[in-house]
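Peer 1: Coordinates for the following, if possible.
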Amino acid sequence: MAVLPEITVVIPTRDRWPVVSRAALAAALRQEDIALEVIVVDDGSVAGPPDVLPGIRDERVRVVRHPEPRGVAVARNAGIAGSRGTWVAFLDDDDLWAPSKLRQQVRAAEDAGAGFAYAAAVWVNEALELVRGHAPPPPERLAHDLLRWNVVWGGASNVIARRDLLESLGGFDEELFQLADWDLWIRLALAAPAAVVRDVLVALVVHGKSMLLVDPRDVFLEVDRLAEKHRDAAARAGVTLDRARFARWVATGHLLAGRRRAAARAYVRGTKAPGNVVRAAGTFLGPGFFETASSFRHLVPGALGAGERVADRPSWLSLYA
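Peer 2: The predicted structure follows:
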């Protein structure tokens with residue numbers, strides 16, 4: 001009788017087989033001290049994965065193929081539907097994990113009696129150099145904070161959740177294209193207790209081809225939809241979605257990719273807050289002015305606690321060099 005995996009890792013991808021093999025698939029199969037399966041959801045690639053790709057023929061790996069692109073939320077939901085683990089983890093095809101990531105999160109969640117878990121994360125560039133580090137928020141404030149801003153850094157590569165909880169919530173909202181992860185984290189936090197691991201376990205790779213930068217759809221219309229969807233919960237919590245901060249997040253992505261005009265548009269597109277208008281002007285006046293005007297820093301509060309900074313990249317990133 002086959003032993004069921006403890007956790008299922010869901011990796012959506014499309015036409016990026018070398019990337020997924022080098023990054024996400026390698027990160028998933030490198031996990032220590034945990035029985036897992038990996039479901040790679042091919043969302044309409046022109047061709048399926050070559051047999052020669054490292055890891056793709058591992059017995060723990062399955063590929064679910066969509067003949068036509070259906071979107072990343074649909075792809076992740078397909079992974080949930082095909083999962084056999086008690087827990088489900090999500091991993092974007094170009095992101096990286098510490099080898100202890102899944103074991104630490106499962107242990108933290110089980111010890112706390114939590115339905116899901118998250119950890120500290122960093123942004124790195126394509127050379128795997130540290131760009132930013134992020135402290136994980138305390139679980140007791142998570143729902144409150146998420147209704148204002150997405151405080152779970154690392155995109156969809158951070159959270160693990162119980163499969164039965166994900167199924168009860170209906171998985172990812174397939175009408176959302178950029179913010180489906182944030183929306184699901186809100187619903188998870190409103191439905192179940194969370195657990196946190198304060199170690200840096202996730203590296204989100206920042207590059208100029210990320211969906212945030214290349215998708216032509218208007219993400220600011222989506223943030224309006226997200227705010228409306230959770231309006232009642234936000235009112236009960238006494239918070240409002242921070243559109244100014246969201247605009248800064250979008251602009252930062254463009255700046256890291258060297259797209260100053262797009263960054264300036266994002267600053268003023270999301271909100272007319274005076275600080276963002278100043279930041280928009282600063283994008284054209286050089287990095288020195290921009291850092292002064294916006295208080296943007298490459299190093300921000302990190303994994304060890306409020307006010308502390310991640311000064312060095314996590315040592316486990318050397319595994320992927």
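
Peer 1: which stretches of the stretch 51-200 of the chain form helices?
Peer 2: Counting by DSSP state H, counting those that start in this stretch, one finds helices in the stretch 51-200 of the chain at the ranges 72-82, 101-112, 142-146, 163-169, 180-191.

Peer 1: Now do the third one: which elements does it pack against?
Peer 2: Under the contact criterion of 3 or more CB pairs under 8 Å, 6 or more residues apart in numbering; DSSP states H and E, helix 142-146 touches helix 180-191, helix 231-237. Every C-beta, even on glycine, is put in place using the N, C-alpha and C of the backbone.

Peer 1: try the first one
Peer 2: On a contact count with 3+ CB pairs under 8 Å, 6+ apart, helix 72-82 meets strand 7-13, strand 36-43, strand 61-66, strand 87-90, helix 163-169, helix 180-191.

Peer 1: repeat for the last one
Peer 2: The elements that helix 180-191 packs onto, with contact taken as 3+ CB pairs under 8 Å, 6+ apart, are helix 72-82, helix 142-146, helix 163-169, helix 219-229.

Peer 1: okay, those in JSON lines with mean neighbour count and distance to F246 next?
Peer 2: Formatted as JSON lines, the helices and strands packed on helix 180-191 follow (neighbours: other CB atoms under 10 Å; distance: least, CB to CB, whole Å):
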{"stretch": "helix 72-82", "mean neighbour count": "22", "distance to F246": "19"}
{"stretch": "helix 142-146", "mean neighbour count": "21", "distance to F246": "13"}
{"stretch": "helix 163-169", "mean neighbour count": "17", "distance to F246": "23"}
{"stretch": "helix 219-229", "mean neighbour count": "16", "distance to F246": "5"}
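
Peer 1: Make JSON lines out of the ones you listed and add distance to N125 and mean pLDDT.
Peer 2: Shown next, in JSON lines, are the helices and strands packed on helix 180-191 (distance: least, CB to CB, whole Å; pLDDT from 0 to 100):
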{"stretch": "helix 72-82", "distance to N125": "22", "mean pLDDT": "97"}
{"stretch": "helix 142-146", "distance to N125": "27", "mean pLDDT": "97"}
{"stretch": "helix 163-169", "distance to N125": "32", "mean pLDDT": "98"}
{"stretch": "helix 219-229", "distance to N125": "22", "mean pLDDT": "91"}
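
Peer 1: any chance of these in TSV, with distance to A47 too?
Peer 2: Formatted as TSV, the entries for the helices and strands packed on helix 180-191 read as follows, by distance: least, CB to CB, whole Å:
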stretch	distance to A47
helix 72-82	17
helix 142-146	38
helix 163-169	30
helix 219-229	30
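
Peer 1: Tell me which of these sits nearest to L201.
Peer 2: helix 142-146 (16.9 Å; CB to CB).

Peer 1: Work out the gap between the closest one and the centre of the chain.
Peer 2: In terms of CA atoms, centre = their mean, to the nearest Å, the gap separating the centre of helix 142-146 from the centre of its chain is 16 Å.

Peer 1: Next: stretch 120-140.
Peer 2: Remark: stretch 120-140 is offset 11 Å from the chain centroid, using CA atoms, centre = their mean.

Peer 1: Would you mark the buried spots in it?
Peer 2: The neighbour-count check on stretch 120-140 (16 or more other CB atoms under 10 Å) flags 120-124, 130-137, 139 as buried.

Peer 1: can I get the residues you listed in TSV with pLDDT?
Peer 2: As requested, the buried residues of stretch 120-140 are exported to TSV (pLDDT from 0 to 100):
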residue	pLDDT
A120	95
A121	95
V122	93
W123	90
V124	91
L130	92
V131	87
R132	85
G133	87
H134	77
A135	85
P136	91
P137	91
P139	97
